[in-house]
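[1] Okay, predicted coordinates and the sequence, questions at the end:
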2 protein chains.
Amino acid sequence: MEDLNVIIDRIDTLLELEAWAEINDFINELNISDVVEVLEEYPDHSKRFFLQLDFNRAVAVFGALDINEQEDLLHKLPANKVAQLLNALPPDDRTALLAEQESPVVKELIKVLNPEERKVTLSLLGYPEDSVGRLMTPDYIDVEPDWTVEQVLTYIRDYGKSSETIDVIYVTDENGTLLDDIRIRDFLIVNPAETLVEDLMDERFITLNVNEDQDTTIDVFQKNNRVALPVVDDKNILLGIVTIDDVLIVQEEEFSEDMQMIGGTAALDDPYLAAPIKDIYKKRVLWLMILFVGELLTIFAMQNFESEIAKVALLATFIPLIISSGGNTGSQAATLIIQAMALDDVDLSDWWHIMKREIISGILLGLTLFAMSFVLIAIWQMSSGIFGVNFLRIAAVVGFSLLGVVLWGTIVGSMLPILLKRMGADPAASSTPFVATLVDVSGLVIYFSFAVLFLKGTLL
Amino acid sequence: MEDLNVIIDRIDTLLELEAWAEINDFINELNISDVVEVLEEYPDHSKRFFLQLDFNRAVAVFGALDINEQEDLLHKLPANKVAQLLNALPPDDRTALLAEQESPVVKELIKVLNPEERKVTLSLLGYPEDSVGRLMTPDYIDVEPDWTVEQVLTYIRDYGKSSETIDVIYVTDENGTLLDDIRIRDFLIVNPAETLVEDLMDERFITLNVNEDQDTTIDVFQKNNRVALPVVDDKNILLGIVTIDDVLIVQEEEFSEDMQMIGGTAALDDPYLAAPIKDIYKKRVLWLMILFVGELLTIFAMQNFESEIAKVALLATFIPLIISSGGNTGSQAATLIIQAMALDDVDLSDWWHIMKREIISGILLGLTLFAMSFVLIAIWQMSSGIFGVNFLRIAAVVGFSLLGVVLWGTIVGSMLPILLKRMGADPAASSTPFVATLVDVSGLVIYFSFAVLFLKGTLL
């Protein structure tokens, strides 16, 4: 990885000389991942560079590209090359690629597949998006319980090349029902070679259901320490396997989605720079409008206190400080809880436990800002005398409001994700802007209530 | 997974009967991952349940527990059991566990290791935290180029049991320099058995440097589609391997950290419920105090406009709406860019490209809120007449302020992560509360400037 600059310098030099043969030789010497970087670096030459790769290397490179770069390349390549490539891709990667295409394009692409591959792809595309079915590959090795270890090893020798992974071998009966999974190492270290498969079986295995959500696979892989898991239907018939490298990608998508929701936008389907601006606008504007309407409530809240503001304009100057402190603590609490939920560290039944913890945290954080505001107002008063004789009353209004708003922000921020999950929504939808908006309205009410309480009869 | 409730019901029943022998039998029939769930479900019985497991199963279960549950269990178990367990854990898991402990505890725990395991663990602990060295395991199989395939398979039969993975075999010379990695499948499908290892070598391999940051492994694994990668020092000597299941955990930690920073807290070291409240307070209070001090600037900004507010108290009522709209768009932009950076979709050199896109998005989003505010103020005016004869001027102040603030928020939000990365800081530190605070001050200035512009001579 560290010598990518060297590679690019070399190619730049060769490109200037238009030394195409040397470029080809050079690229054919590179690692797959370096070729991927080179293709990303030279979009204008990607087609030429790609077409001269050995076929097996080309397939590996294509498989390692981002889905957007795969699409881009498909559009540039001649039809016969596209057909070869699609046929050679592992079924799970092919399905992921086709699932991203607009539907008329998919139709065209599926036409170029050979009949057998077309059947596999169409059946994978038949499972709902985000289901385990879309992730699986039917390229696995299955054996029967009455085979000997030697038979298994011979079988792997003959058929292993076409399967996605041979790290785990699956044992099925004549109906295709999954009986067990056995790691390849167990076959390799066993002696004698006449040992039967059934003697290696412990019938402890973990399966994924083909209709399950892809999110669930992350947890299952983490808890079970496997490189591949079998996928079965409701009758326990083995349909395919999911490999851990696909889960790495699911995990990334999952987190990206959460992160974007926390930031207050709908999840983007494409990488940022590849997404058309109109898509980015659409993903953002809806949330922005909802937040805007929510924030209108602050106007109604403040109208009740217009006469107080008219009397003591100074009060208005503290508004941004007070409401943003509430929003900030609310954001912190919401993010902590959303993230703990995403990692399964907390669930709905913990709500009371969380509430207690957040009330304590909220009081501690609120007291900290309470103290800070008192000190600040005192220093300010001493240096400028701006608050006049009522400076202690004003300090009390600001300090107690901060305490109240911070405590309230923490409670709202921590309970909202739980409430959303309880209602079947995504907890990450309690984005920080959403929490901040909710807290703004109540923050104003808290602030002006303290103002009336402490200033009535003096300033008000 | 789906029948966890059945398992728990069964155990509950047996517990009530105090039928310990039946519980033991039942637990010994379960899958590893189910035993893990059971231990998590019954913290009071976890020690008893755990102690009666077969030793190999106990090691597997222990390895599958969260690091906090591992710690918890270590404290409950008798010393001889702890020693057995630590000796049996794969070195990378053991290092991860020990790295989490307070240091006097680590000393105690290291004492119980046998001399050989102690050496391995101490050497792994010698690498910096978050380095690849801490992730690797020295349990791999390495062979030499002049061995035959048959020799390799025999070697695996004899030594494969103790290695973490046999999916990839490493070829080294007599000095331990890495020459190539070869997938086990290539040995299995090759014919004849007298073929030499060097005939299978293509000398294309990817390595990780032992001192590299763990984050980099995520990208390398995703791009190269491997289940394990070799770790070397600067002289290309093979030191160990990193397996993909460890990367799944690194990726999770990485994203959690980003997410917490975006929410405006420092990253927690422990799961939410396991973290002491004083830690949670400490992680949150620093950011909150920094934001509070930043927000003090809003007070200075507003003091310049106190006379305007005193004249037209109505102006104050729009403050929360205006500044939060700026904060919201800023949060959206910051999250999109932070997340695109985390996925390597954009880098520093794209800043101008991003700026252009965000200016267009900002104008579109701003115009949307501009239009909404005009419509709303018009409806409001017609229904209540609250704004009087100057209602169009007020609508203009609010509308143009929204446009300006939204545009400004988008620019600040998108450029801040880039600026932070340029200065060597973590872009995720441009948390949404941080962006909101920055935008609040400028939002107020924009708002009151438009107020003076449109209302001078009429209301002001």
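    Cool, got the structure.

[2] ok, how many other residues are close to the residue nearest to A:F255 when sequence neighbours are not counted?
    Leaving out its chain neighbours, the residue that sits closest to A:F255 by CB to CB, 6 or more residues apart in numbering or on different chains is B:F255, at 4.0 Å. The way it works is simple: take the backbone N, C-alpha and C, and place the C-beta from them, glycine included. By the criterion of other CB atoms under 10 Å in any protein chain shown, B:F255 has 24 neighbours.

[3] wait, B:F255 sits on A:E257?
    No. Contact between B:F255 and A:E257 fails when scored by CB atoms under 8 Å: they sit 11.0 Å apart.

[4] close to chain B, is stretch A:124-139?
    No. No part of stretch A:124-139 sits close enough to chain B to count as contact by CB under 8 Å from any CB of the partner chain; the gap is at least 12.1 Å.

[5] mind checking the end-to-end distance for that stretch?
    Start and end residues of stretch A:124-139 are separated by 12 Å (CA to CA, to the nearest Å).

[6] quick one: buried residues of it?
    Buried residues in stretch A:124-139, counted by 16 or more other CB atoms under 10 Å in any protein chain shown: A:124-125, A:127, A:130-139.

[7] Contact residues of the stretch 351-460 of chain A facing chain B?
    A:353-354, A:357, A:360-361, A:364-365, A:368-369, A:372, A:376, A:406, A:431-433, A:436-437, A:440, A:444.

[8] Take the buried residues of stretch A:124-139 and write them to a markdown table, including distance to A:V398 and pLDDT.
    Listed next are those as a markdown table, based on distance: CB to CB, whole Å; pLDDT from 0 to 100:
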| residue | distance to A:V398 | pLDDT |
| --- | --- | --- |
| A:L124 | 61 | 77 |
| A:L125 | 60 | 77 |
| A:Y127 | 58 | 84 |
| A:D130 | 49 | 83 |
| A:S131 | 54 | 88 |
| A:V132 | 54 | 89 |
| A:G133 | 58 | 87 |
| A:R134 | 55 | 85 |
| A:L135 | 54 | 86 |
| A:M136 | 59 | 86 |
| A:T137 | 62 | 85 |
| A:P138 | 66 | 82 |
| A:D139 | 67 | 82 |
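
[9] can you tell me which of these are in helices?
    Among the buried residues of stretch A:124-139, DSSP state H puts A:L124, A:L125, A:V132, A:G133, A:R134, A:L135 in helices.

[10] secondary structure element for the residue in the stretch 301-450 of chain A positioned nearest to chain B?
    Closest to chain B within the stretch 301-450 of chain A is A:T335: 2.4 Å, counting by CB to the nearest CB. Assigned by DSSP states H and E, A:T335 belongs to helix A:319-342.

[11] packing partners for that helix?
    In terms of contacts (3 or more CB pairs under 8 Å, 6 or more residues apart in numbering or on different chains; DSSP states H and E), helix A:319-342 is packed against helix A:244-262, helix A:351-384, helix A:391-422, helix A:432-455, helix B:244-262, helix B:277-303, helix B:319-342, helix B:432-455.

[12] What residues of the second one count as buried?
    By that I understand helix A:351-384. Quick answer for helix A:351-384 (16+ other CB under 10 Å): A:351, A:354, A:357-358, A:361-366, A:368-370, A:372-374, A:376-377, A:380-381.

[13] and the stretch 51-200 of chain A, which residues reach chain B?
    A:60, A:63-64, A:153, A:156-157, A:160-161, A:165-167, A:184-185, A:188-189, A:191.

[14] In the stretch 151-300 of chain A, which residue sits closest to chain B?
    A:G263 (2.4 Å).

[15] Give me the distance between the nearest residue to that residue once chain neighbours are set aside and A:S331.
    Leaving aside its chain neighbours, A:G263 sits nearest to B:T335 (2.4 Å; criterion: CB to CB, 6+ apart). Per CB to CB, to the nearest Å, B:T335 is found 12 Å from A:S331.

[16] Find residues that contact each of these two.
    Any residue near both B:T335 and A:S331 by CB atoms under 8 Å, 6 or more residues apart in numbering or on different chains counts here, and that gives B:T432.

[17] Tell me how chain A divides into domains.
    Residue ranges for the domains of chain A, per automatic domain parsing: A:4-128, A:142-243, A:277-455.

[18] nearest to B:L51, of the ones you listed?
    With CB to CB as the measure, domain A:142-243 is the member of those nearest B:L51 (20.1 Å).

[19] Considering the ones in helices among the buried residues of stretch A:124-139, which is situated nearest to chain B?
    A:V132 (12.1 Å).

[20] show me what contacts the closest one?
    A:L208, A:N209, A:V210, A:N211, A:E212, A:D213, A:Q214, A:T216, A:T217, A:V231, A:V242.

[21] per-residue pLDDT, the fourth one?
    In other words, A:N211. A:N211 carries a pLDDT value of 89.

[22] Surely it is within a helix?
    No. Secondary structure assignment (DSSP: H, G, I helix; E, B strand; the rest coil) places A:N211 in coil, not in a helix.

[23] What is the burial count for it?
    Using other CB under 10 Å: A:N211 sits among 13 other residues.

[24] just for the stretch 1-150 of chain A, where's the confidence low?
    A:1-2, A:103 (pLDDT under 70).

[25] Mind telling me which residue of it is nearest chain B?
    A:S33 (4.5 Å).

[26] Count the residues that sit near that residue.
    Neighbour count of A:S33, defined by other CB under 10 Å: 22.

[27] right, and it touches B:Q222 too?
    No. Counting by CB under 8 Å, A:S33 does not reach B:Q222; the two are 9.5 Å apart.

[28] For the residue nearest to A:F255, give me its contacts.
    For B:F255, the contacting residues are A:Q251, A:E252, A:F255, A:M259, B:A342, by CB under 8 Å, 6+ apart.

[29] if we can go back for a sec, how about the helix holding A:T335: buried residues?
    A:319-342.

[30] what angle sits between it and helix B:432-455?
    150 degrees (axes from the mean of the first three to the mean of the last three CA atoms, to 10 degrees).

[31] Highest mean neighbour count out of the domains of chain A?
    Among those, the stretch with the highest mean neighbour count (mean count of other CB atoms under 10 Å in any protein chain shown) is domain A:277-455, at a mean of 21.

[32] Off-centre distance for it?
    Taking CA atoms, centre = their mean, to the nearest Å, one finds the center of domain A:277-455 at 28 Å from the center of the full chain.
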